[in-house]
Structures are given as C-alpha cells and as structure tokens.
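Visitor: Prediction below, plus the sequence it came from.
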Amino acid sequence: MPPLPSSTASAVQIQQFYDKGLAHASYAVRCGRVVAIIDPGRDPQPYYDFADEHEARIVAVIETHPHADFVSSHLEIARETEATIYCSKLVEAKYPHHGFDDGDRIKLGTVELHALNTPGHSPDSISILLLDELAQSRAVFTGDTLFVGDVGRPDLREDAAGGGHQREALAAQLYHSTRTKLMTLPGSTKVYPAHGPGSLCGKTTSPDLDSTIARELKTNYALQPMSQDEFIRVLLEDQPFVPKYFGHDVQLNKQGAPSLEDSIRAVPHPASTAPLPPGVLIIDTRPAARFRTGHLPGAINLQDGGKFETWLGSVVGPREKFYLLADTNIALDAVVRKTAKIGYEGNIAGALLAPAELPATSPAVEVAAVREHPEQFTIVDIRNRAEAKTPVFPNALLIPLPELRERAHEIPTDKPVLVHCAGGYRSAAGASIVQAALPDAEVLDLGEAVTEFQKAAVH
C-alpha cells in the first residue's frame, strides 16, 4: 500500500495510504512526535514505517466502525505500540478500547480529534473531526459515512452477523447524520473517506480520493435537497451485491484480528506432489490461459488480479476450507497475503505450487461461431444485475458470479454453455465453476472477446 503524497500545514500532517485492491483508504495523522492511525488495513507495517520515518510514536488507533470489507490491524498495532484503540461504545468491541462518541476528544500534540456519531452505513459509525491549534475545522475522516460523490450503503448490517439492522432504518439515520453532522461543517473542511472507486461499500464513488465539504455539497447526489423518504429510495436502488465474507469481517473486527505475520506463518504449505482430499475446493490463481491448458479437475480459476480479495470472498464462504495454487512462491505468497486481508487465511487448507500433472483442460471458444449462431449456445451472463440491465446477448441466463456455485444446476446442458462477463476476468472463474458443477457439460469461456459483442449490442 504505497502512501500517497501527504498534506502538511501548521503542525499537523495527514498521510493517506491507499490499497487499490480493496479500494481502501487509511490515514496517519501526525502532530510533532505523536501519530494517530485511522482505519488501518490488515498489514500494520506501512504505519510503523511512517512513524519511524518521522521519529514519532503511534499513540492512538481509531476505528470509524467495524469494517465489513477488510480486516483491520487495530489490535495488532495497539499490542505492538501500546497505543490506545478508540471506537464508538455502540460497537460493543471485545478488545481493550476507549469509547469515542459525541463530545469525546483526543489531544494529539497541539491539535485535537473530535468524535462525531454518524450512524447510517452502520449503527456504530463515527466520523473524526480534526481541529487545529486555533480550534478551526481542518479535516473530517468520514469512514464509510461520506465518500467523494457518494455515501455509504446502509444494507450491510441486516443479517444476524451484522446485528439485524433494517436498511431503511439505517438509511434514515444516514440522512440525519449527513445533514446534521457533516453538511454543517465549514465548506473548507477536507473530507477523507475510507474508500475510493470500486468499493462495494458504496455505488457511485468518484475516482478522487479526497474532497471538501463545499465540493460535496455541490456535486454529491446524496447531499442534494430532498426529503428523507426520497433519500432512502434513491440510496437503496441499484446497490451492488454483498460478498459472502462481509458479515464475517464485521465480527472479526469487533473481536480484533490476530497478528498478520503469525497468521501467514500458520498457513500449511504442502508439497505440490501431495495428494489432495477428494471433493476439496481448489482455488487456482494462475492466468486463465495457463489454466485452460491444464488444471486440476474441479478447480476454480480465480486469477490473481486487482480485485482478487473481493472475488475470493464473494465466491467462497467464510466457513469453507480451500487450497490455493500458484505458479511461483512469490505469486503464492502474494495471494496468501491478499487472502489474509479479508480474514480468510485460516480457511487455507494448503498453499501449494501447481503440480506438474494437470490433467484437465478447457476448450477454446470459436468466437466466429458465437457471432454467427448465438442461438446454438446456452449463454450465461455472470455480471451483476445492474450491469446486466444492458444485455450483451438477448435471452441470456443471468446468474451473477457470487451466486453461481449455488445456482449452476439451473443451467440447461442440452447445448454448449457459454459464460461471459464484462471484460473477461470473471468469466474465467465462472466457466470453471460451471464446469466443476456440471462435469458432463461442454463449458466455454467467452473471455475478453465479450468486448466486441458489447460494442455490437450498443450499436
């Protein structure tokens, strides 16, 4: 997670750390020789490096809420540095912490951090207001309450793991949090959210990674004048899917995760020649072209790429054991660490190099045949529902990738099955899932060739 350029003025420095794979932004706020960390990712090392670089010590770790989409290192940092963890009392956190709610403040050198309860994305969300030496509002760290161009989705805490909170009630809370707590701040106040573009904690997040209150009041659809009922309606429509791992991570973050490096060392690494138990789930992270030329029967081809963590936690449930395969030790270590970012490292039954004997192969698709006679294929569209509002093929069967393992039996097999997504990454996983579920079917991956069919569909 390379740090982005820092913002410095007066005695305070704000450093943003951005993990593009999870679209997650975390922060270090430094005043003199003391540092507060806000919403840290699973790997604490970037924050230690920042503190060391400035000959400062980490004295506070603040959680804006129990995150659903990644595992935080707040407990590990606190144990390593003796920093105090701060979060809302509404979290009911199981780790040692100080409550941080309306009226509470942290003195950080010559500046202060003030807690603002801003429920809505979750019932326990807070934002953190930075006041400078003159008690002027400098910045607000909004967690998942306010993004650049969006607000946090209110539908992630409905199941038992999330507390059973109804999305409409949380959306109503978010309406009041934005209007009474955030929109009333001075327009010059910088906005630093916990997520950027591509995060599944929102739906229309801007590519910009910071903003100001004035800019958001002008351009953010969710902050425009509207009634509470209208806000709830607009906010709840077209929200993206909820990955399987989200509830698991909320609970893990409430407990506090174990040390990253200890967890990594505990992952078994069997020899590539070791026999794997029959029926075990195998996640093959190699490129699709290599997978097609040879793989283990029943393996799922979830390629290491920009969103590997999200798709792993969308396809595989939090209680499922699986094996991870890669071509090299470097690649294997990378996917193990990405797996740990969502708290799944304990699910890895073994991380191993791809064996020399890979008996299964996948047929190549004849794009010309699809173009000329699409009716000769059972076409499965594995895009998300919002994407599929613009169909690529008429009469395609829509089964979004996160639902495919559970619903593959719905696919007719009287014709070759052709799987497509929007760009080719997901269809490699989808075709392998369908093939594993329907071993007697002919399953084809349209891959990147889908783009030419999309152009034709638009015209």
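Guide: On my side now, so go ahead. Everything numeric here is computed off the predicted structure, so don't read it as measured data. Numbers count the residues shown, from 1 in each chain.
Visitor: moving C-terminal of the helix-or-strand element of the chain with minimal mean pLDDT, what's the next helix or strand?
Guide: Least confident helix or strand, the chain: strand 7-9 with a mean of 42, by mean pLDDT, DSSP states H and E. Following strand 7-9 in sequence order, the next helix or strand is strand 12-19 (DSSP states H and E).
Visitor: what does the domain assignment say about this protein?
Guide: As assigned by automatic domain parsing, the chain contains the domains 7-249, 258-353, 367-458.
Visitor: State the mean pLDDT of the second one.
Guide: Mean pLDDT, domain 258-353: 96.
Visitor: Relative to the whole chain's centre, how far out is that domain?
Guide: Between the centre of domain 258-353 and the centre of its chain there are 18 Å (CA atoms, centre = their mean, to the nearest Å).
Visitor: How far does it stretch from one end to the other?
Guide: For domain 258-353, the first-to-last residue distance is 26 Å (CA to CA, to the nearest Å).
Visitor: any low-confidence regions in the stretch 101-250 of the chain?
Guide: Regions of the stretch 101-250 of the chain meeting the criterion pLDDT under 70 cover residues 160-162.
Visitor: Helices along that one, start to end?
Guide: Taking DSSP state H, counting those that start in this stretch as the criterion, the stretch 101-250 of the chain contains helices spanning 167-177, 213-219, 228-236, 246-255.
Visitor: For Pro297, see how far away the closest residue to Ile348 other than its chain neighbours is.
Guide: Leaving out its chain neighbours, the residue that sits closest to Ile348 by CB to CB, 6 or more residues apart in numbering is Val267, at 5.0 Å. Placement of C-beta: from N, CA and C, glycine included. Distance, Val267 to Pro297, using CB to CB, to the nearest Å: 24 Å.
Visitor: cool, and Pro355?
Guide: With CB to CB as the criterion, Pro355 and Pro297 are 12 Å apart.
Visitor: quick one: which of those two has more around it?
Guide: Higher neighbour count among Pro355 and Pro297: Pro355, with 16 against 12, using other CB atoms under 10 Å.
Visitor: Please list all residues in contact with the closest residue to that one other than its chain neighbours.
Guide: Once flanking residues are discounted, Pro355 sits nearest to Ser272: 4.4 Å by CB to CB, 6+ apart. Contacts for Ser272 (CB atoms under 8 Å, 6 or more residues apart in numbering) come out as 352-356.
Visitor: what does Leu113 give?
Guide: With contact set as CB under 8 Å, 6+ apart, Leu113 has these partners: 29, 36, 60, 62, 105-106, 128-131.
Visitor: Would you mind measuring from the nearest residue to Tyr95 once chain neighbours are set aside to Ala222?
Guide: Closest residue to Tyr95 apart from its sequence neighbours, by CB to CB, 6+ apart: Gly256 at 3.7 Å. Here the criterion is CB to CB. By it, Gly256 lies 32 Å from Ala222.
Visitor: Check Thr361 too.
Guide: From Thr361 across to Ala222, the span is 49 Å (CB to CB).
Visitor: out of these two, which sits in the busier spot?
Guide: Ala222 (20 against 11).
Visitor: hang on, the earlier thing: from memory the residue nearest to Ile348 sits against Ala351, does it?
Guide: Yes. Applying CB atoms under 8 Å, one finds Val267 in contact with Ala351, separated by 5.4 Å.
Visitor: Give me the more crowded residue out of these two.
Guide: For Val267 and Ala351, the more surrounded residue by other CB under 10 Å is Ala351, and the numbers stand at 24 against 20.
Visitor: related to what we said a few turns ago, ok, so of the contacts of Leu113, who is nearest Leu404?
Guide: Closest approach between the contacts of Leu113 and Leu404, by CB to CB: Ile62, at 38.3 Å.
Visitor: Beta-bridge partners for that closest one, please?
Guide: Residues in a beta bridge with Ile62, per DSSP bridges, are Ile38, Tyr86.
Visitor: dump the residue contacts of it.
Guide: Contact analysis of Ile62 by CB under 8 Å, 6+ apart lists 36-39, 85-87, 100, 106, 113, 128, 141.
Visitor: Most neighbours of all those, which one?
Guide: Going by other CB under 10 Å, Ile37 tops the contacts of Ile62 with 32 neighbours.
Visitor: Let me know whether that one touches Arg30 as I believe.
Guide: No. Ile37 is beyond contact range of Arg30, at 10.0 Å (criterion: CB under 8 Å).
Visitor: For His269, the count of nearby residues, please.
Guide: The number of residues packed near His269 is 16, by other CB under 10 Å.
Visitor: Drop anything exposed from the contacts of Ser272.
Guide: When burial is judged by neighbour count using 16 or more other CB atoms under 10 Å, the buried members of these are 352-355.
Visitor: Next step: those residues restricted to strands.
Guide: Among the buried ones among the contacts of Ser272, the members found in strands (DSSP state E) are 352-353.
Visitor: Which of the buried ones among the contacts of Ser272 lies at the shortest distance from Gly247?
Guide: Nearest to Gly247 among the buried ones among the contacts of Ser272: Leu352, at 29.1 Å, using CB to CB.
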